[in-house]
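>>> Sequence and predicted model, in that order:
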Amino acid sequence: MTKYIRRAAALCVLLLVALLVNATRVQVFPSRAYDDSPANRRPVIARWAQPRGDIVVDGRPVTGSKDTGEQLRYERTYQDGPLYAPVTGFASQRYGTTLLEHAEDPLLDGSDPLLSFLPLWNDITRDRNAGGEVVTTIDAAAQQAAYLGLGARRGAVAALEPATGRVLALVSRPSYDPGVLSGNGPSVTDAWARLNGDAGKPMLNRAVRQTYPPGSTFKVVTAAAALDTGVITDLDAPTRSPAPYTLPGTTTSLANEVEGCENASLRHAFEWSCNTVFAKLGVDVGLGAMKDTARAFGFNNADLRIPFSVSPSNFDTEMDRAQLALSSIGQYDTRATPLQMAIVTAAVANGGAVRSPYLVERTTTAAGRTVATTSTRTLGQAMNPGTAMRLRELMRGVVEDGTGTNAAIPHATVGGKTGTAQHGIGNSGTPYAWFIGWAQSDDAMEPQVAVAVVVEDAETVRGDISGGGDAAPIAREVMEAVLKSTDHQLR
Amino acid sequence: MTTKAGTTLAADPAEPSPPAVRLPRRRGVEFTLLVVAVLLSVYGYCAVGLAKYGTLPPGAADYGAGLGVLALLAHLAVRLRAPYADPLLLPIAVLLNGLGLVLIHRLDLQTPADQAAPAQLNWSTLGVGLFIVVVALVRDHRVLQRYAYVSVVAALVLLALPILFPPVNGARIWVRIAGFSLQPGEFAKVLLALFFASYLAANRNALAYAGRQIWRFKRLQLPTGRVLGPIVTIWLLSVGVLVLERDLGTSLLFFGLFVILLYVATGRTGWIAVGLLLACVGAVAVGWLEPHVHSRVEDWLHPFASIEAGRGPNQLAQSLFAFAAGGLLGTGLGLGHSILIGFAAKSDFILATAGEELGLAGLSAIFLLYALLVERGYRTGLALRDPFGRLLAIGLASIVALQVFVIAGGVTGLIPLTGMAMPFLAQGGSSVVTNWIIVALLMRLSDSARRQYDGPEATGA
């Protein structure tokens, strides 16, 4: 009998080995189906099991975490939620993440392997690090100024540091409090439905995700192309341009809002925003050079990330001459995000070099060890440095004695360009008021800020809408705020 | 083989006697191991409290004292009545039971409306009480042989009883009286093992050598109808359990147990073939006819089908997620999410909690504890000299082995899932009590095995 008992025991050993081997298969080599299955709640639970890392503006976290004691434990909270919503986005347990919360998600939720000293060890133990911090480039005062400046009006502001590409302000109105989307309850569902149904589209980040016809602000690009190609050599020489201007190959006639544009010099046309002069300039420069310059400024670039994606701005690459004429004054199919127009003015302020805009200064672990730092990157040269210098002169003129006097700041040099972009079928929509500009305090070496402001529905009588009247004061306040804080830093 | 077996056949007990050496009692070893087992359980209890609330749980002292007193009482009973018993069996049982209590308590924390740990502690107390009764009252296991037919009748009654009661979660294995629910099939396992051991010890010669030869080389020999009758009865019984009670696990267990004992008793490989054939016929027939069983097989083959179909994960998928989440070292006690498995998390799927929170390391340790328990049972069977004792020891150990394999294999996706209780670990009063009786009987048997018989040799039937 002993022999058979031993054989039965061998069977038991076989069963044990089968169990151990199978347990190893299930536990140590779990197929991707286990971890990636949407039905597996564990990754979600783990993700919210610890406080999320914070997003920091000017040394102060604008986010927080709240312990709810529920299965998805920590909920996101926001300080000044509507003010920073175009920067932070939301982190919702039900609706996912957007903007910085999305782009820096692995770091914020602690799953980024860079957060740990021993990534391999973490892989084995499957530990999650504490969430890291994202330090933004946002200047709180500029952000505040832009937000208050827009007030109840629909619109957006983007501000950059020209020399580096740091994003100093990113504001979109109307805005919303991302905190109402944190969590799982019925209030979150209601808030989601309400925000999505709102005609004002509060969750749309107009500064980077909405494109507008840039209107006359695009004349900076046209002027750069004209100066770079040598179509214009003397800022003060009269241009041979009629007013009104008949678009080439058509009978459509283009007029100006102001007098004295016929054969005006580039300086005069720029300061007083003569449509006829710039439409003809665009045609004279030609489609090839115009689209090259537009691309060099960043138009038609679908890959821009700051680190979240920016909607590409458009300058058509195939047009007849009439369309080119309209495109050269920022109409027809030409469309730009406010951030794109801030890049345009920053390039002028920075000697023609286009810096890649970025919103994240650096990322750190919860303990403060730096994980990554963003460095300044040059996207390209939009124009010759000499052209940039002359454009600065032209833009200064706009603020000193042109359409943009509302942007003037005492003890500082300010350059700008106004724009009033028509849109809608037969130009039926309320025109968009634009202002782009840059500013340099008298004791600074170079311009410290470039800004673009767009106001969608200025609450003024339609005829009075103008970039100079509606958008320039907002731009001035933003620039002033930046100059003040940089001056403060200088001292 | 025939000649060798034939010569020993005449000389009554089949095996030569082991050398007449009085083995050391090793009760001190047992005591030390018991202290370790209790401390490990209390440590687990504290770990859960620390993980959940950051403080030592207030019940830790009570829990430790309760488990300690139970272990001490059992140890004293063994010292007095079975001093030569195997020193490993009791500590393993205490450790597994203590760990089970920790895991159930840990899951209780997430189901405030359903507290299972206190009841489990009561049942464990009853189990240890019966352990003491068995160790104290059964002076010689050979006495049990007399009750073979009483056992089988009792087992059949117990098995048939749940048919009168409504099914619970698809299986008709429960009896509910006055708020108590019992699984009579659990007790029936021990009684059937007793009957099998007794019957096979008495008839093993007839089974092995009598009857017509249907194959030339004497490989397969059919016994006479008189001897075969009870075997066919048992097969019908297990299929009947399967059909009437929809309890695949118990039926599998009975059948496996019977085949193993038959093989050990007769040494005929042919029986294994017949057994497997019959099992396959039964399983295929039931799989075809019975949707409950059929769906279990489908779930096993495609554990994630319900997710792909948009119906969310089933229990097996949740269980696999839990094991996968545990990985090598586990999340730590109290830090997993195996509660997601749902209603059977504390009973059938308790192993998933162990796998998730203790990891492959902890799970392997638990498997090895069971393996050690089974190994001590087999060792006892080898050391005993009477066929009944041998078969009873092998039978009891095999119950544990098969049950662990069937349920552990089921929840880890190795074989189709069958609802069974992990011995000592899972929530379930009948199960804990039964397993304590099994360990008590193994203690009794090992005491006989390690103690030299003073009286005459056992005479089989």
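Received it, and whenever you're ready, just let me know what you need.

>>> Run through the stretch 251-400 of chain B and note the low-pLDDT ranges.
Along the stretch 251-400 of chain B, no part satisfies pLDDT under 70.

>>> Taking it, what residue is nearest to chain A?
B:A324 (3.3 Å; C-beta to the nearest C-beta). All C-beta spots, glycine's among them, are computed from the backbone N, C-alpha and C.

>>> In contact with that residue, which residues are there?
Residues in contact with B:A324, defined by C-beta atoms under 8 Å, 6 or more residues apart in numbering or on different chains, are A:V26, A:Q27, A:P30, A:Y34, A:D35.

>>> likewise B:L126?
Counted by C-beta under 8 Å, 6+ apart, B:L126 has contacts B:G429, B:V433.

>>> Try it again at 10 Å.
B:G429, B:V432, B:V433, B:W436 (C-beta atoms under 10 Å, 6 or more residues apart in numbering or on different chains).

>>> Hmm, B:F424 and the last one touching each other?
Yes - B:W436 is in contact with B:F424 according to C-beta atoms under 10 Å; the separation is 8.3 Å.

>>> Are the helix or strand where B:N205 lies and chain A in contact anywhere?
Taking DSSP states H and E as the criterion, B:N205 maps to helix B:184-209. Yes - contact of helix B:184-209 with chain A (C-beta under 10 Å from any C-beta of the partner chain) involves B:A201, B:R204.

>>> Can you get me a residue count around the closest residue to chain B within chain A?
Proximity of chain A to chain B (C-beta to the nearest C-beta) peaks at A:P30, 3.3 Å away. Other residues within reach of A:P30, judged by other C-beta atoms under 10 Å in any protein chain shown, total 17.

>>> Mind pulling up the pLDDT for it?
Per-residue pLDDT puts A:P30 at 76.

>>> Relative to B:L40, how far out is the nearest residue to it once chain neighbours are set aside?
Nearest non-adjacent residue to A:P30, counting by C-beta to C-beta, 6 or more residues apart in numbering or on different chains: B:A324, 3.3 Å away. Distance of B:A324 to B:L40, computed by C-beta to C-beta, to the nearest Å: 26 Å.

>>> what secondary structure does the closest residue to A:V57 other than its chain neighbours sit in?
Distances taken as C-beta to C-beta, 6+ apart place A:I138 nearest to A:V57, at 4.7 Å, with adjacent residues excluded. State at A:I138, reduced to three classes by DSSP: H, G, I helix; E, B strand; the rest coil: coil.

>>> Low-confidence ranges, the stretch 1-150 of chain A, go.
A:31-33, A:35, A:119, A:122-126.

>>> which stretches of it form strands?
Here the stretch 1-150 of chain A has its strands, by DSSP state E, counting those that start in this stretch, at A:55-57, A:60-61, A:63-67, A:74-78, A:91-92, A:96-97, A:133-136.

>>> Pick the most buried one from the ones you listed.
strand A:91-92 (a mean of 26; mean count of other C-beta atoms under 10 Å in any protein chain shown).

>>> quick one: strands adjacent to it?
strand A:96-97 (antiparallel) (DSSP bridges).

>>> what's next to the strand it pairs with, contact-wise?
In contact with strand A:96-97 (C-beta under 10 Å, 6+ apart) are residues A:52, A:76, A:88-91, A:102-105, A:108-109, A:178, A:181.

>>> Among those residues, which lie within helices?
A:T88, A:H102, A:A103, A:D105, A:L108 (DSSP state H).

>>> and the first one, what is it in contact with?
The contact partners of A:T88, taken as C-beta under 10 Å, 6+ apart, are A:54-55, A:57, A:62-63, A:76, A:78, A:80-81, A:97-102, A:104, A:134, A:136, A:138, A:178.

>>> Mind doing that once more with 7 Å?
A:I55, A:V62, A:T63, A:Y78, A:L99, A:L100, A:E101, A:P178 (C-beta atoms under 7 Å, 6 or more residues apart in numbering or on different chains).

>>> try the last one
If you count contacts by C-beta under 7 Å, 6+ apart, A:L108 has them with A:R52, A:G53, A:E101, A:G131, A:G132, A:V134.

>>> what does the third one give?
Counting by C-beta under 7 Å, 6+ apart, A:A103 touches A:P307, A:F308.

>>> Kindly report the same for the second one.
Going by C-beta under 7 Å, 6+ apart, A:H102 touches A:G89, A:F308.

>>> so where do the strands sit in chain B?
For chain B, applying DSSP state E gives strands covering B:175-177, B:180-182.

>>> closest one to chain A among the ones you listed?
strand B:180-182 (28.3 Å).

>>> In space, not sequence, find me the middle residue of chain B.
Taking C-alpha atoms, centre = their mean, the centroid of chain B lies closest to B:V400, which sits 2.8 Å from it.

>>> wait, doesn't it sit right on B:A421?
No - with contacts counted by C-beta atoms under 7 Å, B:V400 stays clear of B:A421, the gap being 11.5 Å.

>>> For the stretch 301-450 of chain A, which residues score under the pLDDT cut-off?
Ranges of the stretch 301-450 of chain A meeting pLDDT under 70: A:424-428.

>>> the strands in it, which residues?
A:353-355, A:360-364, A:370-373, A:378-381, A:412-421, A:432-441, A:449-455.

>>> which helices and strands does the last one pack with?
By that I understand strand A:449-455. Applying 3 or more C-beta pairs under 7 Å, 6 or more residues apart in numbering or on different chains; DSSP states H and E, one finds that strand A:449-455 contacts strand A:155-160, helix A:338-349, strand A:432-441, helix A:472-490.

>>> returning to what we had before: please produce a PyMOL select command covering the buried subset of the contacts of B:A324.
Entered in PyMOL, the line below selects the buried ones among these, by 16 or more other C-beta atoms under 10 Å in any protein chain shown:
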select buried, chain A and resi 26+27+30+34
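
>>> How about the contacts made by A:F435?
A:G404, A:A407, A:G416, A:T418, A:V453, A:G467, A:A471, A:A472, A:A475.

>>> How many residues are close by A:A10?
Neighbour count of A:A10, defined by other C-beta under 10 Å: 10.

>>> Ok, the one 3 residues further on next?
Per other C-beta under 10 Å, the neighbour tally for A:V13 reads 15.

>>> From B:A265, how far off is it?
Taking C-beta to C-beta, one finds A:V13 at 21 Å from B:A265.

>>> cool, B:S151 as well?
Counting by C-beta to C-beta - B:S151 and B:A265 are separated by 17 Å.

>>> More neighbours: these two, which one.
Neighbour totals were compared for B:S151 and B:A265, and B:A265 leads with 27 against 23 (other C-beta under 10 Å).

>>> any idea how far the residue of the stretch 101-250 of chain B found nearest chain A is from A:T363?
Distance from chain A to each residue of the stretch 101-250 of chain B (C-beta to the nearest C-beta) is smallest for B:R204, at 8.5 Å. Here the criterion is C-beta to C-beta. By it, B:R204 lies 75 Å from A:T363.
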